[in-house]
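[1] Just a sequence and a predicted model for now, questions to come.
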Amino acid sequence: MTTLLIAEHDNTHLSGETAKALSAASQLGAPVHILVAGQGASDVAAAAARLAGVDKVLHADDAAYGHGLAEPLAGLIVGLADGYDAIVAPATTHGKNALPRVAALLDVMQVSDIIAVDGPDTFQRPIYAGNAIETVKSRDGKKVLTVRTAAFGETGEGGSAPVEAVAAAGDAGGSRFVGEEVAASERPDLTAAKVIVSGGRALGSKEKFEEVILPLADKLGAAVGASRAAVDAGYAPNDWQVGQTGKVVAPQLYLAVGISGAIQHLAGMKDSKVIVAINKDADAPIFQVADYGLVGDLFQIVPELQSKL
């Protein structure tokens, strides 16, 4: 049979998370179709068709899918499910919103946050904040999977899959789009950034967080992250949070400034290629995963580091 991958997009651009999830979906050993459900998202469908290893792109164009609401998207997926052995999505806010509903409607279990594919029915996923890896074998006829995209590389372009229009399933109700407030930023998106500078509670205030972290991030062309403690204290907005209850990232370079390294934070960044930690406590847990560590006063070290760049 075939695998159906749910594309993540904003009706204009295809998310890089989709290309990473495609790497996982391709390992299931079956042809992969990508579903692009949106409004006026023909450019997204064309971008999905260019990804290597895609056999077909299904394009559902309807106002019901314009804002990524879970109910109409789940109805569409369930209506297409008969032709697929597996339904896959990135383990992002979008995927976590829609796929549990799909699994419930299909009366199958969902295997969440997979980090490896051992076979068409066997997967690895982290548990206990990443301190253990669980191997799951699913006996369900249809597999519903979300992919921790930090564990997979992006699939490149080079494909030329056909784009096929599919009929909308209609709006099942249950929710409606009211509005959105999108924070505009010239910095890279946190989950796609190659360099991330994160600050912790040791910054002491929102003003100090912005004074110390933001100039360094801008100098490096980096995204800005924060620990849960910093977010809870109001130093940084919620969408900057890195960790088990925030975003899971794996950049080329991760700078942890004033972050002690609680388990839930490490779960969100320990797969980073190079980790640099700056903390005055030499026994802080962050140094156990750091490739490079600087013990000292961050208010002295960070400005000095920035001056050398």
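    Yep, it's here. Numbers count the residues shown, from 1 in each chain.
[2] all helices for the stretch 1-150 of the chain, in order.
    Assigned by DSSP state H, counting those that start in this stretch, the stretch 1-150 of the chain shows helices spanning 16-26, 42-49, 70-80, 93-106.
[3] Of all those, which one is nearest Val274?
    Closest to Val274 of the helices of the stretch 1-150 of the chain is helix 16-26 (Cβ to Cβ; 19.4 Å). C-betas here are computed from N, CA, C, even on glycine.
[4] if we can go back for a sec, can you say which of the helices of the stretch 1-150 of the chain is packed in most?
    Mean neighbours per residue, mean count of other Cβ atoms under 10 Å, is largest over the helices of the stretch 1-150 of the chain for helix 16-26, with a mean of 25.
[5] And for that one, what's in contact with it?
    3, 5, 7-9, 32, 34, 48, 51, 53-54, 86, 88-90, 92, 95, 114, 117, 145, 147, 149, 151-156, 191-192 (Cβ atoms under 8 Å, 6 or more residues apart in numbering).
[6] and the angle from it to helix 93-106?
    40 degrees (axes from the mean of the first three to the mean of the last three Cα atoms, to 10 degrees).
[7] Taking helix 42-49 as reference, get the angle to helix 16-26.
    Using the same axes, to 10 degrees: helix 16-26 against helix 42-49 is 40 degrees.
[8] wait, Gly199 sits on Leu214?
    No - counting by Cβ atoms under 8 Å, Gly199 does not reach Leu214; the two are 9.1 Å apart.
[9] Among those two, which residue is more densely surrounded?
    Between Gly199 and Leu214, counting by other Cβ atoms under 10 Å, Gly199 is the more crowded of the two (30 against 16).
[10] Quick check: the gap between that one and Ile6.
    The spacing between Gly199 and Ile6, counted by Cβ to Cβ, to the nearest Å, is 33 Å.
[11] Quick one: neighbours of the closest residue to Gly75 other than its chain neighbours, just the number.
    Leaving aside its sequence neighbours, Gly75 sits nearest to Ala169 (Cβ to Cβ, 6 or more residues apart in numbering; 4.3 Å). By other Cβ under 10 Å, the residues close to Ala169 number 20.
[12] Can you lay out the helices of the stretch 1-150 of the chain as CSV showing distance to Ala282 and mean pLDDT?
    Shown next, in CSV, are those (distance: least, Cβ to Cβ, whole Å; pLDDT from 0 to 100):
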stretch, distance to Ala282, mean pLDDT
helix 16-26, 36, 94
helix 42-49, 48, 94
helix 70-80, 46, 92
helix 93-106, 37, 94
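[13] now those in TSV, with distance to Val224?
    TSV is the format used below for the helices of the stretch 1-150 of the chain (distance: least, Cβ to Cβ, whole Å):
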stretch	distance to Val224
helix 16-26	18
helix 42-49	27
helix 70-80	29
helix 93-106	18
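[14] Now stretch 218-238: buried residues?
    Within stretch 218-238, the residues scored as buried using 16 or more other Cβ atoms under 10 Å are 220, 222-231, 233, 235-236.
[15] Contacts only, for Ile6.
    Ile6 touches Ile34, Leu35, Ala37, Leu73, Ile77, Ile87, Val88, Ala89, Gly95, Ala98, Leu99, counting by Cβ under 8 Å, 6+ apart.
[16] Check Phe177 too.
    Gly66, His67, Leu69.
[17] residues touching the residue nearest to the first one when sequence neighbours are not counted, list them.
    Right, the one you point to is Gly66. In space, and not counting its chain neighbours, Gly66 is closest to Gln39: 3.3 Å by Cβ to Cβ, 6+ apart. Taking Cβ under 8 Å, 6+ apart, we find Gln39 in contact with Asn11, Asp61, Asp62, Ala63, Tyr65, Gly66.
[18] ok, the fifth one - how many residues close by?
    Other residues near Tyr65 come to 22 when the count uses other Cβ under 10 Å.
[19] Now for it: which residues touch it?
    Ala37, Gly38, Gln39, Pro72, Leu73, Leu76, Ala168.
[20] Kindly recompute the last result at 6 Å.
    Tyr65 sits next to Ala37, Gly38 when contact means Cβ atoms under 6 Å, 6 or more residues apart in numbering.
[21] Relative to Ala256, how far out is it?
    Separation of Tyr65 from Ala256 (Cβ to Cβ) stands at 38 Å.
[22] and the gap between Gly261 and Gln288?
    7 Å.
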